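Peer 1: quick one, structure for this:
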Amino acid sequence: MIIMFSACSETNIRQLEIHTMSNEKMQLGNLAEGKNIVVVFISPDCPVCINYTLTLNRLAGSFDQMHVTFYAIIPGNEYTHEEVDS
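Peer 2: You can find the predicted model right below:
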């Protein structure tokens, strides 16, 4: 599967800065260094996202033996850790 990101900016997708749940800063490109990854953008208040998180968790477990890591990215900073974990 190929996922293409497109934007109106010259910023390289690998240079986008993200914050982990423990508030560590990292660049999106650092997640993929020599690894197979799946990046999914979700929202805790989106019904579609809520419905497919179980499927994503199952897929992550299935692909774990193939050394594929799944990352869920929640844009913004308006959600609490409790909202994200639920």
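Peer 1: how many residues are close by the spatially closest residue to I37 that is not a sequence neighbour?
Peer 2: Nearest residue to I37, sequence neighbours excluded (Cβ to Cβ, 6 or more residues apart in numbering): T69, at 5.1 Å. The C-beta positions use only the backbone N, C-alpha and C, and glycine is treated the same way. As a burial measure, T69 scores 14 neighbours (other Cβ atoms under 10 Å).
Peer 1: which element is T69 on?
Peer 2: strand 68-73 (DSSP states H and E).
Peer 1: what residues does that strand touch?
Peer 2: 18, 31, 35-42, 53, 56, 59-60, 63 (Cβ atoms under 8 Å, 6 or more residues apart in numbering).
Peer 1: next, the buried residues of that strand.
Peer 2: A72 (16 or more other Cβ atoms under 10 Å).
Peer 1: and stretch 43-54, C-alpha only, in PDB?
Peer 2: Listed next in PDB are the C-alpha coordinates belonging to stretch 43-54 (Å, rounded to 0.1, in the frame of the first residue of the first chain):
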ATOM      1  CA  SER A  43     -10.000  12.100  16.300                       C
ATOM      2  CA  PRO A  44     -11.400  10.800  19.600                       C
ATOM      3  CA  ASP A  45     -14.800  12.500  18.900                       C
ATOM      4  CA  CYS A  46     -15.200  11.100  15.400                       C
ATOM      5  CA  PRO A  47     -17.700   8.200  15.200                       C
ATOM      6  CA  VAL A  48     -15.900   6.700  12.200                       C
ATOM      7  CA  CYS A  49     -12.500   6.800  14.000                       C
ATOM      8  CA  ILE A  50     -14.000   5.300  17.200                       C
ATOM      9  CA  ASN A  51     -15.500   2.400  15.100                       C
ATOM     10  CA  TYR A  52     -12.300   1.500  13.300                       C
ATOM     11  CA  THR A  53      -9.900   1.700  16.300                       C
ATOM     12  CA  LEU A  54     -10.800  -1.900  17.200                       C
END
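Peer 1: for it, what is the average pLDDT?
Peer 2: In this model, stretch 43-54 has a mean pLDDT of 84.
Peer 1: worst-scoring helix or strand of the chain, pLDDT-wise?
Peer 2: One helix or strand of the chain scores below all others by mean pLDDT, DSSP states H and E: helix 81-85, with a mean of 69.
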